[in-house]
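# Fold the stuff below for me.
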Amino acid sequence: MSSPFGNHVEVAIVRHGFGDEYTMESVDDRFLLSDSDVRTIARICNEPLVYRFLFRDRIGGRPYTGQDARDFIDWARSGWSSGQQMVFLLRDPHGEIGAAIDIGPLDESRDALIGYWASSFHRGLMTNTVERLAELSVNAGYSKLVALAEAENVRSISILKRAGFTHVGAAVHPVTFMGQPVGIDLRFRRYERAL
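Numbering: from 1, shown residues only. Predicted coordinates for the structure are as follows:
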């Protein structure tokens with residue numbers, strides 16, 4: 001199995017309220033990672049809100065490291081080639097990473113689970129990114145996007161609402177880190193968007 005998005009994807013995303021154009025690039029075998037990128041990913045993943053909602057519970061309260069960033073890129077490349085998890089990173093006009101979004105099959109259906117993070121220094125980017133991923137997902141054969149957000153994650157919930165997702169209930173879901181269960185379950189709000 002290979003990525004339903006094809007071999008390599010690069011699309012433009014306009015940052016709302018600023019007008020600058022970012023590049024959303026697939027993290028596949030062609031993706032080039034620099035030492036500066038590693039430091040940037042680690043810095044973003046340690047930002048208070050990103051860390052609180054995405055990494056604190058997944059990595060046991062320790063800081064997100066440069067090695068975690070390298071492992072993330074390796075996991076993303078492997079996921080792209082297997083079609084199990086497709087990750088995109090977003091670079092600003094200067095080439096600096098500012099955000100990430102991923103998508104993967106939810107089950108045997110044509111539904112897909114998405115997740116994302118963005119630096120507080122790159123606000124105004126994620127709603128348009130989720131919208132663009134939805135457009136790409138139609139061509140990739142998905143019929144519905146699903147997102148899970150903790151009730152306290154009001155910024156993420158706002159993004160989902162702006163991107164046309166509907167709250168459909170709550171679910172207890174196992175927490176994973178790079179596809180591996182970490183042994184805890186959290187209660188999430190479930191949002192869905194038909195494609």
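
# I'd like to know how many residues surround residue 58.
When neighbours are counted by other C-beta atoms under 10 Å, residue 58 registers 17. Backbone N, C-alpha and C define where each C-beta goes, glycine included.

# Show me the longest helix that occurs in this structure.
Ordering each helix of the chain by length in residues (DSSP state H) puts helix 66-82 first.

# could you give the mean pLDDT of stretch 17-26?
Across stretch 17-26, pLDDT averages out at 96.

# gap between it and the chain center?
Stretch 17-26 has its C-alpha centroid displaced from the chain centroid by 15 Å (C-alpha atoms, centre = their mean, to the nearest Å).

# repeat for stretch 134-154
Worked out by C-alpha atoms, centre = their mean, stretch 134-154 lies 10 Å from the chain centre.

# same check, this time on stretch 21-33
Put simply, stretch 21-33 sits 13 Å off its chain's centre (C-alpha atoms, centre = their mean).

# Repeat that for stretch 160-168.
16 Å.

# where in this protein is pLDDT low?
For the chain, applying pLDDT under 70 flags the ranges 1.

# Strands of that one, start to end?
For the chain, the strands defined by DSSP state E cover 10-14, 21-26, 86-91, 97-105, 111-118, 144-149, 166-177, 180-194.

# Determine which stretch of those is the most buried.
Each of these was scored by mean neighbour count; the highest is strand 86-91, a mean of 25, by mean count of other C-beta atoms under 10 Å.

# tell me which strands and helices that strand is in contact with?
Other elements packing on strand 86-91 under the criterion 3 or more C-beta pairs under 8 Å, 6 or more residues apart in numbering; DSSP states H and E are strand 21-26, helix 66-82, strand 97-105, helix 126-139.

# how much space is there between residue 41 and residue 161?
Separation of residue 41 from residue 161 (C-beta to C-beta, to the nearest Å) stands at 27 Å.

# More neighbours: which of these two?
Neighbour comparison, residue 41 and residue 161: the larger count goes to residue 41, with 23 against 13 (by other C-beta under 10 Å).

# contacting residues around the more buried one?
With contact taken as C-beta atoms under 8 Å, 6 or more residues apart in numbering, residue 41 is in contact with 69, 72, 73, 97, 100.

# Redo those as JSON lines? Include distance to residue 156.
Shown next, in JSON lines, are the contacts of residue 41 (distance: C-beta to C-beta, whole Å):
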{"residue": "69", "distance to residue 156": "21"}
{"residue": "72", "distance to residue 156": "19"}
{"residue": "73", "distance to residue 156": "23"}
{"residue": "97", "distance to residue 156": "19"}
{"residue": "100", "distance to residue 156": "13"}
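
# and which of the residues you listed is nearest to residue 49?
Proximity of these to residue 49 (C-beta to C-beta) peaks at residue 100, which lies at 14.3 Å.

# Tell me what that closest one is bridged to.
Beta bridges link residue 100 to residue 89, residue 117 when assigned by DSSP bridges.
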